[in-house]
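J.: predicted model and sequence follow; I will ask about them next.
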Amino acid sequence: MTVAANPLPRAVFLDPNDGCLTMARVLVRRGCEVHLMVAAANAHMLSSRRTHGRVLPDPRADPQSWLTALQEIAAAGGGVVICGSDAASEWVSAHRAVLPESVRSFESADGVHTALMDKYELYQLAAEIGVRAPWMHRVSTRAELDALDRRITYPCVLKGALGHRARAILGHGTVQIDSRDDLMTKAGALLEHEVPFLLTELVPGDETALEGAVTIRGRDGDYPLEYGRHKLRQWPPDYGVGSLTSSKAVPGTLAMNRRILDHTGYFGISSCETKRHAETGELYLIEINVRVPGSFGVAEACGVDGSWRLYAVAAGLPLGPQPPQVDGRHSMLPDIEILAVRARIQAGDQTWRDVLRSWRGTRDFGIVSIADPGPALSMLSTMVRRRVTRIVRERWSRLRPRPASAPVVEVPPPVTQHTTDPTDARRSA
């Protein structure tokens, strides 16, 4: 008896995040073969049921390993590449010309993905087509920073032109700057590593004023997937990843996103983030991510069938109309939501009652899934093991006998205009 080949192209997730894991679970249930090419920090994802995968090194440190892995995928019949990080999308764009045709991707060699990813190029494009964005200055050298010194007003925002590069150095891609000393410290670290950054206007408003339009733009200019969301909490607070994100009607952000993508002829998934000015109500463009967002679970929670629709567009499969969006449905990333909640409660911004109320409506929990418990259990096991190891080392260092102190040797005081050289005293004697 001959087994029929799977008509669905395999899905290959490069450097997947929590949103990719949600998507992978949906595709597995629908009969798709899923491969996860994960970073070492996300090795726990390889415990997901009925998936294949491996750990890959950082693409900037070892790009050949990524190329070899995708060449192996091509030799096994090819597949659809879906990126879960900026670094992955940047790498695929840079290497698209040498990747086998049987490995399909949204990223191409035309540079559109990297242009939208680069905040400086994005803000320049926004100015050209009349889209409102914060004022900004680009800095790539110490001389440029010194020239701007007296023109900068505080507080402002520092963000890496390519956020993932800044994040690798500072631990975050965007941070508020409150003083000149603060600026020189954080900017100096980026300049030392030759990472360009922007100094931009701080748009007033808390993190709930951040809206998002998550879309897929097809090759013909259609939008097979389009839904809105906004952040309820994020980590780090104010300038981080959404730890609790909710579906919401955001017509202004959707229109702004379409205007930019249509102008560039972009093809693929995008997550356009905007912020509504707390005083004027005006909408400002903040950034556009060109890979699967970490909160992509909202696409399942709000009923738009986002995971399948994203895969189908990438694979060239037919699709019917998108189901309507249900507002007020949440996606939570528990590992960082814990940190975000603790920070807000300690700061007095929110109470436990506020937190519990905000959790109502959560339908997706990122890495945590009752039907697929492996990744969460693996991550928890790693966290516990690291914690126990740290505690044991700290206690051992306290119990370990310390080496005997070296005898104290008295040293004569230095010779100064007030203290004579002891040898002079001996000579006079």
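T.: Noted; the coordinates are in hand.
J.: and residue 148, what does it touch?
T.: 137, 139, 199 (Cβ atoms under 8 Å, 6 or more residues apart in numbering). Every C-beta, even on glycine, is put in place using the N, C-alpha and C of the backbone.
J.: now the phi/psi pair for the second one, please.
T.: The phi/psi pair for residue 139 (degrees, to the nearest 10) reads phi -130, psi 130.
J.: give me the nearest residue to it, chain neighbours excluded.
T.: residue 145 (5.1 Å; Cβ to Cβ, 6 or more residues apart in numbering).
J.: wait, residue 376 sits on residue 382?
T.: No - Residue 376 is not in contact with residue 382 according to Cβ atoms under 8 Å; the separation is 10.9 Å.
J.: which of those two has more neighbours?
T.: Ranked by neighbour count (other Cβ atoms under 10 Å), residue 376 and residue 382 place residue 376 first, with 21 against 13.
J.: hang on, the earlier thing: for burial, what's the neighbour tally of the residue nearest to residue 139?
T.: Neighbours around residue 145, by other Cβ under 10 Å: 20.
J.: domain ranges for the chain, per the record?
T.: Following automatic domain parsing, the chain resolves into domains at 11-109, 137-197, 204-376.
J.: need the ones you listed in TSV (columns: distance to residue 127 and mean pLDDT).
T.: Listed next are the domains of the chain as TSV, based on distance: least, Cβ to Cβ, whole Å; pLDDT from 0 to 100:
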stretch	distance to residue 127	mean pLDDT
domain 11-109	23	95
domain 137-197	13	82
domain 204-376	10	96
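J.: please identify which of those domains is closest to residue 116.
T.: Closest of the domains of the chain to residue 116 is domain 204-376, at 4.8 Å (criterion: Cβ to Cβ).
J.: next one: the top helix by length along the chain to chain centre, how far?
T.: Using DSSP state H to define each element, the chain has its longest helix at helix 374-399. Here helix 374-399 is found 25 Å from its chain centre; the criterion is Cα atoms, centre = their mean, to the nearest Å.
J.: buried sites along it?
T.: 374-376, 378-379 (16 or more other Cβ atoms under 10 Å).
J.: and stretch 220-239, by the same measure?
T.: For stretch 220-239, using 16+ other Cβ under 10 Å, the buried residues are 223-239.
J.: might you report the residue contacts of residue 30?
T.: Applying Cβ under 8 Å, 6+ apart to residue 30 gives the contacts 8, 308.
J.: how about the one 5 residues further on?
T.: For residue 35, the contacting residues are 10-13, 51-53, 73, 79, taking Cβ under 8 Å, 6+ apart as the criterion.
J.: A helix includes it, no?
T.: No - under DSSP: H, G, I helix; E, B strand; the rest coil, residue 35 sits outside any helix and is assigned strand.
J.: now do it against residue 88, distance only.
T.: 13 Å (Cβ to Cβ, to the nearest Å).
J.: in PDB, list the C-alpha atoms belonging to stretch 253-261.
T.: Provided in PDB are the C-alpha atoms of stretch 253-261 (Å, rounded to 0.1, in the frame of the first residue of the first chain):
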ATOM      1  CA  THR A 253      -3.800  52.400  12.400                       C
ATOM      2  CA  LEU A 254      -5.100  49.900   9.800                       C
ATOM      3  CA  ALA A 255      -5.400  52.800   7.300                       C
ATOM      4  CA  MET A 256      -1.900  54.100   8.100                       C
ATOM      5  CA  ASN A 257      -0.400  50.600   7.700                       C
ATOM      6  CA  ARG A 258      -2.100  50.100   4.300                       C
ATOM      7  CA  ARG A 259      -0.800  53.400   3.100                       C
ATOM      8  CA  ILE A 260       2.800  52.500   3.800                       C
ATOM      9  CA  LEU A 261       2.600  48.900   2.600                       C
END
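J.: quick one: it to chain centroid distance?
T.: On Cα atoms, centre = their mean, the centre of stretch 253-261 falls 21 Å from that of its chain.
J.: list the buried ones in it?
T.: 253-254, 256-261.
J.: need those residues in a markdown table (columns: distance to residue 69 and secondary structure).
T.: Listed next are the buried residues of stretch 253-261 as a markdown table, based on distance: Cβ to Cβ, whole Å; DSSP: H, G, I helix; E, B strand; the rest coil:
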| residue | distance to residue 69 | secondary structure |
| --- | --- | --- |
| 253 | 36 | helix |
| 254 | 36 | helix |
| 256 | 36 | helix |
| 257 | 32 | helix |
| 258 | 35 | helix |
| 259 | 37 | helix |
| 260 | 32 | helix |
| 261 | 30 | helix |
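J.: in CSV: the contacts of residue 35, plus neighbour count and secondary structure.
T.: CSV is the format used below for the contacts of residue 35 (neighbours: other Cβ atoms under 10 Å; DSSP: H, G, I helix; E, B strand; the rest coil):
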residue, neighbour count, secondary structure
10, 18, coil
11, 25, strand
12, 25, strand
13, 26, strand
51, 23, coil
52, 13, strand
53, 19, strand
73, 21, helix
79, 24, strand
